[in-house]
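**Q** Sequence first, predicted coordinates after that:
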Amino acid sequence: MCHQEIRKMNPNKIAHLGFIQSVITRLSTNSFLIKAWSVTVVAATFALAAKDANINYILVAYLPVVIFWGLDGFFLAQERQYRELYRVVAERSEAEIDFSMDASNFDSGNRTIWFCIFSKTLLPFHGVLLAVILVVMFVIPRLRAAG
C-alpha cells in the first residue's frame, strides 16, 4: 500500500489490522520462546546426565523436544492463519470491517498444524535437536567405551 492509500483508509480498518498484527507478533514471539526452551531443556538434561554419569537421563529429553515441536507447529499454523486473515481484511471494503478475529476458516493447506510441524522452518530445527540427542545417547558412550 502506498502512503496515500493508508491515509484514506478507514480508522476501523486500521484498528482491525492492528489487532490482527498484534496477535501475529505474539504468536511469533511464542514460537521463538518455544525454541529457546527446547534448547534449554536439552542442555539441562545433558548436564544432568553428565553430572550423574547416567546416559538414561538423555531419554527424558525426547519428551519435551517432541512436545515443544508440536507447540511450535501449533503456533506457526496459527500465525499463518492470522496472516491470511490480515490479507483478507486488508482487501475488504470499510463497510465489511467487522472486527472478527476468527482465523479458523483458514485452517487448510500450509496453514494446518501437521503441515507446519514438518515445514522447512521447524523440521530442521527440531530434527537437529532429536539428532543431537541420538548422537549423545549412542555415539558418545561407544567412543568412551572404545577409548
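**A** Received it, and whenever you're ready, just let me know what you need.
**Q** now Ala61: how far from Leu122?
**A** 18 Å (Cβ to Cβ, to the nearest Å). (C-beta placed from N, C-alpha, C; glycine too.)
**Q** The biggest helix by length in the chain - contacts with which helices or strands?
**A** Longest helix in the chain by number of residues (criterion: DSSP state H): helix 11-52. Under the contact definition 3 or more Cβ pairs under 8 Å, 6 or more residues apart in numbering; DSSP states H and E, helix 11-52 sits against helix 57-91, helix 122-134.
**Q** Please say which of Ala61 and Leu122 ends up with more neighbours.
**A** Looking at Ala61 and Leu122 with other Cβ atoms under 10 Å, you find the greater number of neighbours at Ala61, namely 24 against 20.
**Q** Next, count neighbours for the closest residue to that one other than its chain neighbours.
**A** Taking Cβ to Cβ, 6 or more residues apart in numbering, and ignoring the residues beside it in sequence, Ala61 has Thr45 as its nearest neighbour in space, at 4.0 Å. Neighbour count for Thr45, taken as other Cβ under 10 Å: 21.
**Q** Could you double-check that Thr45 sits in contact with Leu63?
**A** No - using Cβ atoms under 8 Å, Thr45 is not in contact with Leu63, being 10.0 Å away.
**Q** so for stretch 61-69, what's the average pLDDT?
**A** For stretch 61-69, the mean per-residue pLDDT is 91.
**Q** orientation of the longest helix of the chain relative to helix 57-91 in degrees?
**A** 170 degrees (axes from the mean of the first three to the mean of the last three Cα atoms, to 10 degrees).
**Q** Dihedrals phi and psi, Ser100?
**A** Dihedral pair for Ser100: phi -70, psi 130, per degrees, to the nearest 10.
**Q** And Asn54, what's its pLDDT?
**A** So, for Asn54, pLDDT stands at 65.
**Q** can you check Val132 too?
**A** 89.
**Q** Does it touch Val42 like I think?
**A** Yes - taking Cβ under 8 Å as the definition, Val132 is a contact partner of Val42 at 7.1 Å.
**Q** Could you identify which of the helices and strands packed on helix 11-52 is most buried?
**A** Among the helices and strands packed on helix 11-52, helix 57-91 has the highest mean neighbour count (mean count of other Cβ atoms under 10 Å), at a mean of 19.
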